[in-house]
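Undergrad: Sequence first, then the predicted structure, then my questions.
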Amino acid sequence: MGWWKEEHFNASDADGDGLLNITEFNDFLHPADTKNPKLLQWLCKEEVRERDSDGDGKVNFKEFFHGLFDLVRNYDEDSDNSSHPSGDLMETPAKNMFSRLDKDGDGYLSDIELLPIIDKLHPSERYYAKQQADYIISQADTDKDRRLTLIEMIENPYVFYSAIFNDDDADDYEYHDEFR
């Protein structure tokens, strides 16, 4: 077993008994949905490992700006707009966010310092479910009242199908349907 798998397993094993119960196994499979502090810390360490291009064990500003900032800037409470300014215009907000996260002021972000933004780097399944629901409503809500009636759902079945299945699934379904 690779060291990273062992570390992931051990972080998921909240009670430290060497076994994963159903909750711990769910956390192992979906670490973004956990409240387990050990597993959240593991996620932060994984981010540092992934983003640390110079191998020093920390994330410098350049690594943050060219890897993490794009993932978290849309969640930052100070930037509510959805425009995407050029790199030069984004450097100041990136530096501000970096300095807020760099609690010890050493010019690097450690795994511990990434903890306040880990939920933005790894959104929960609930986040994706909400995105999917918002999309479905926007597509099927013909009277645009932000609610779905049974009639709207019946008249827009493609919206629900496309939210559940991708094009490959549709091809498979058509292929199998030919042989019935």
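TA: Cool, got the structure.
Undergrad: For the rest of this, base every contact and every neighbour count on C-alpha atoms.
TA: Noted.
Undergrad: what about the helices in the protein?
TA: Counting by DSSP state H, the chain has helices at residues 3-12, 22-29, 37-51, 61-63, 69-72, 87-101, 111-114, 118-121, 125-140, 150-155, 157-164, 167-178.
Undergrad: pLDDT-wise, which helix or strand of the chain ranks last?
TA: Ranked by mean pLDDT, DSSP states H and E, the helix or strand of the chain with the weakest confidence is helix 167-178, at a mean of 46.
Undergrad: where does the chain dip in pLDDT?
TA: The chain contains residues with pLDDT under 70 at 1-4, 74-88, 163-180.
Undergrad: can I get the helices of the chain in CSV with mean neighbour count?
TA: Shown next, in CSV, are those (neighbours: other CA atoms under 10 Å):
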stretch, mean neighbour count
helix 3-12, 17
helix 22-29, 16
helix 37-51, 20
helix 61-63, 18
helix 69-72, 18
helix 87-101, 15
helix 111-114, 20
helix 118-121, 19
helix 125-140, 14
helix 150-155, 12
helix 157-164, 13
helix 167-178, 10
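Undergrad: who's in contact with Val48?
TA: Taking CA atoms under 8 Å, 6 or more residues apart in numbering as the contact definition, Val48 lies against Gly57, Lys58, Val59, Ser110, Asp111.
Undergrad: By neighbours, which of these wins?
TA: In terms of neighbours by other CA atoms under 10 Å, those top out with Val59 at 28 neighbours.
Undergrad: Not counting its neighbours along the chain, what's nearest that residue?
TA: Using CA to CA, 6 or more residues apart in numbering and skipping residues adjacent in sequence, the residue nearest Val59 is Leu109, 4.9 Å away.
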